[in-house]
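Chemist: next one to model:
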Amino acid sequence: LLRSCVSPSVVREPSPDKPVSSFVSLLVRAPPPATMAQRSVKKVMTQPINLIFRFLQSRTRIQIWLYENTSLRIEGRIIGFDEYMNLVLDDAEEVDLKTKTRTPLQRILLKGDTITLMQTAPSVLEATAAAAETTTTTPGA
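Modeler: Numbering: from 1, shown residues only. Just a heads-up that it's a prediction; the model follows:
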(Lines give C-alpha, C1' and ligand atoms only; values in the text may rest on other atoms or scores of the structure.)
Protein backbone atom coordinates (compact mmCIF):
# COMPACT_ATOMS: atom_id res chain seq x y z
CA LEU A 1 0.00 0.00 0.00
CA LEU A 2 2.77 2.45 0.87
CA ARG A 3 4.65 1.68 -2.32
CA SER A 4 1.74 2.76 -4.47
CA CYS A 5 1.65 6.23 -2.81
CA VAL A 6 5.37 6.94 -2.86
CA SER A 7 7.74 7.15 -5.79
CA PRO A 8 10.07 4.17 -6.11
CA SER A 9 13.17 6.31 -5.57
CA VAL A 10 11.99 7.24 -2.06
CA VAL A 11 10.99 3.75 -0.89
CA ARG A 12 13.73 1.90 0.88
CA GLU A 13 13.45 -1.47 2.47
CA PRO A 14 13.91 -1.45 6.23
CA SER A 15 17.37 -2.55 7.25
CA PRO A 16 17.93 -4.89 10.14
CA ASP A 17 19.83 -2.26 12.13
CA LYS A 18 17.05 0.36 11.89
CA PRO A 19 13.67 -0.18 13.49
CA VAL A 20 10.51 -0.06 11.40
CA SER A 21 9.44 3.26 12.97
CA SER A 22 12.48 5.00 11.46
CA PHE A 23 11.60 3.41 8.10
CA VAL A 24 8.12 4.92 8.29
CA SER A 25 9.58 8.31 9.20
CA LEU A 26 11.69 8.10 6.01
CA LEU A 27 8.50 7.81 3.99
CA VAL A 28 6.71 10.66 5.73
CA ARG A 29 9.67 13.02 5.98
CA ALA A 30 9.43 16.42 4.36
CA PRO A 31 11.43 17.10 1.22
CA PRO A 32 15.08 17.98 1.75
CA PRO A 33 15.89 21.63 2.43
CA ALA A 34 16.61 23.82 -0.56
CA THR A 35 20.14 24.04 -1.79
CA MET A 36 22.09 27.32 -1.70
CA ALA A 37 21.16 28.01 -5.33
CA GLN A 38 17.45 27.60 -4.58
CA ARG A 39 17.34 29.67 -1.40
CA SER A 40 16.28 33.26 -1.68
CA VAL A 41 18.26 35.63 0.47
CA LYS A 42 16.08 38.35 1.89
CA LYS A 43 17.76 41.73 1.96
CA VAL A 44 16.22 44.71 3.63
CA MET A 45 15.66 47.40 1.05
CA THR A 46 15.96 51.01 2.14
CA GLN A 47 13.28 53.14 0.52
CA PRO A 48 14.41 56.60 -0.64
CA ILE A 49 11.81 58.28 1.55
CA ASN A 50 13.23 56.47 4.59
CA LEU A 51 16.72 57.77 3.85
CA ILE A 52 15.40 61.33 3.51
CA PHE A 53 13.50 60.89 6.77
CA ARG A 54 16.70 59.70 8.46
CA PHE A 55 18.50 62.85 7.23
CA LEU A 56 15.60 64.91 8.61
CA GLN A 57 15.59 63.21 12.03
CA SER A 58 19.34 63.37 12.53
CA ARG A 59 19.55 66.97 11.24
CA THR A 60 22.52 65.85 9.16
CA ARG A 61 23.99 68.41 6.81
CA ILE A 62 23.58 67.03 3.29
CA GLN A 63 24.96 67.87 -0.12
CA ILE A 64 22.65 67.75 -3.14
CA TRP A 65 23.84 67.37 -6.71
CA LEU A 66 21.65 69.28 -9.14
CA TYR A 67 20.18 67.88 -12.35
CA GLU A 68 22.04 69.12 -15.47
CA ASN A 69 24.05 71.62 -13.42
CA THR A 70 27.26 69.84 -12.52
CA SER A 71 29.15 72.93 -11.39
CA LEU A 72 26.74 73.75 -8.53
CA ARG A 73 25.80 71.83 -5.42
CA ILE A 74 23.44 72.74 -2.61
CA GLU A 75 24.25 72.00 1.04
CA GLY A 76 21.91 72.32 4.00
CA ARG A 77 19.81 70.55 6.63
CA ILE A 78 16.46 69.04 5.68
CA ILE A 79 13.62 70.40 7.79
CA GLY A 80 10.78 69.16 5.59
CA PHE A 81 9.92 67.17 2.46
CA ASP A 82 6.97 65.70 0.59
CA GLU A 83 6.14 62.72 -1.63
CA TYR A 84 7.58 64.51 -4.69
CA MET A 85 10.95 64.80 -2.93
CA ASN A 86 10.59 68.58 -2.70
CA LEU A 87 12.87 69.60 0.16
CA VAL A 88 12.87 72.48 2.58
CA LEU A 89 16.49 73.15 3.54
CA ASP A 90 17.68 75.31 6.42
CA ASP A 91 21.12 76.96 6.56
CA ALA A 92 21.43 76.25 2.83
CA GLU A 93 24.48 77.20 0.82
CA GLU A 94 25.14 77.15 -2.90
CA VAL A 95 28.56 75.63 -3.54
CA ASP A 96 30.16 76.59 -6.85
CA LEU A 97 32.72 73.94 -7.76
CA LYS A 98 34.40 76.03 -10.48
CA THR A 99 35.10 79.13 -8.41
CA LYS A 100 35.12 77.24 -5.09
CA THR A 101 32.80 79.80 -3.50
CA ARG A 102 29.91 79.35 -1.10
CA THR A 103 26.85 81.58 -1.24
CA PRO A 104 24.55 81.50 1.82
CA LEU A 105 20.89 81.01 0.90
CA GLN A 106 19.32 80.61 4.36
CA ARG A 107 16.00 78.65 4.11
CA ILE A 108 15.00 77.41 0.66
CA LEU A 109 12.54 75.12 -1.10
CA LEU A 110 14.30 72.82 -3.57
CA LYS A 111 12.06 71.10 -6.12
CA GLY A 112 12.45 67.34 -6.26
CA ASP A 113 12.83 67.19 -10.04
CA THR A 114 16.11 69.14 -9.79
CA ILE A 115 17.75 66.59 -7.47
CA THR A 116 20.20 64.06 -8.91
CA LEU A 117 21.91 62.79 -5.76
CA MET A 118 21.81 63.34 -2.00
CA GLN A 119 24.69 62.51 0.30
CA THR A 120 26.07 63.51 3.64
CA ALA A 121 27.92 66.77 3.11
CA PRO A 122 31.68 66.52 3.35
CA SER A 123 33.14 68.50 6.22
CA VAL A 124 34.87 71.77 5.37
CA LEU A 125 38.28 70.19 6.04
CA GLU A 126 37.54 67.27 3.70
CA ALA A 127 36.27 69.60 0.99
CA THR A 128 39.37 71.79 1.26
CA ALA A 129 41.67 68.76 1.09
CA ALA A 130 39.81 67.34 -1.91
CA ALA A 131 39.96 70.69 -3.72
CA ALA A 132 43.70 70.97 -3.05
CA GLU A 133 44.22 67.40 -4.27
CA THR A 134 42.38 68.00 -7.54
CA THR A 135 44.38 71.15 -8.27
CA THR A 136 47.73 69.38 -7.65
CA THR A 137 46.85 66.27 -9.68
CA THR A 138 45.35 68.06 -12.67
CA PRO A 139 47.44 67.22 -15.76
CA GLY A 140 48.95 70.16 -17.59
CA ALA A 141 48.79 72.44 -14.56
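Chemist: so what's M118 up against?
Modeler: 51-52, 55, 62-65 (C-beta atoms under 8 Å, 6 or more residues apart in numbering). Every C-beta, even on glycine, is put in place using the N, C-alpha and C of the backbone.
Chemist: can you list the weak-confidence ranges in this structure?
Modeler: 1-39, 124-141 (pLDDT under 70).
Chemist: would you map the helices across it?
Modeler: All helices of the chain, identified by DSSP state H, fall at 2-5, 20-28, 48-58, 124-136.
Chemist: ok, E68 to T114 distance?
Modeler: Going from E68 to T114 by C-beta to C-beta, to the nearest Å gives 9 Å.
Chemist: and these two? Which one has more around it.
Modeler: Taking neighbours as other C-beta atoms under 10 Å, E68 and T114 compare with T114 leading, 16 against 6.
Chemist: might one say that the more buried one is in contact with W65?
Modeler: No: contact criterion C-beta atoms under 8 Å: T114 and W65 do not qualify, at 9.7 Å.
Chemist: between these two, which contacts overlap?
Modeler: By C-beta under 8 Å, 6+ apart, no residue touches both T114 and W65.
Chemist: from what I can see K111 touches N86, true?
Modeler: Yes: between K111 and N86 a contact is recorded at 5.6 Å, counting by C-beta under 8 Å.
Chemist: compare these two and say which is more crowded by neighbours.
Modeler: N86 (15 against 11).
Chemist: contacting residues for the nearest residue to that one once chain neighbours are set aside?
Modeler: Closest residue to N86 apart from its sequence neighbours, by C-beta to C-beta, 6 or more residues apart in numbering: G112 at 4.8 Å. Contacts for G112 (C-beta under 8 Å, 6+ apart) come out as 82, 84-87.
Chemist: can you redo the residues you listed as a markdown table with distance to T99?
Modeler: As requested, the contacts of G112 are arranged in a markdown table below (distance: C-beta to C-beta, whole Å):
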| residue | distance to T99 |
| --- | --- |
| D82 | 32 |
| Y84 | 31 |
| M85 | 28 |
| N86 | 28 |
| L87 | 24 |
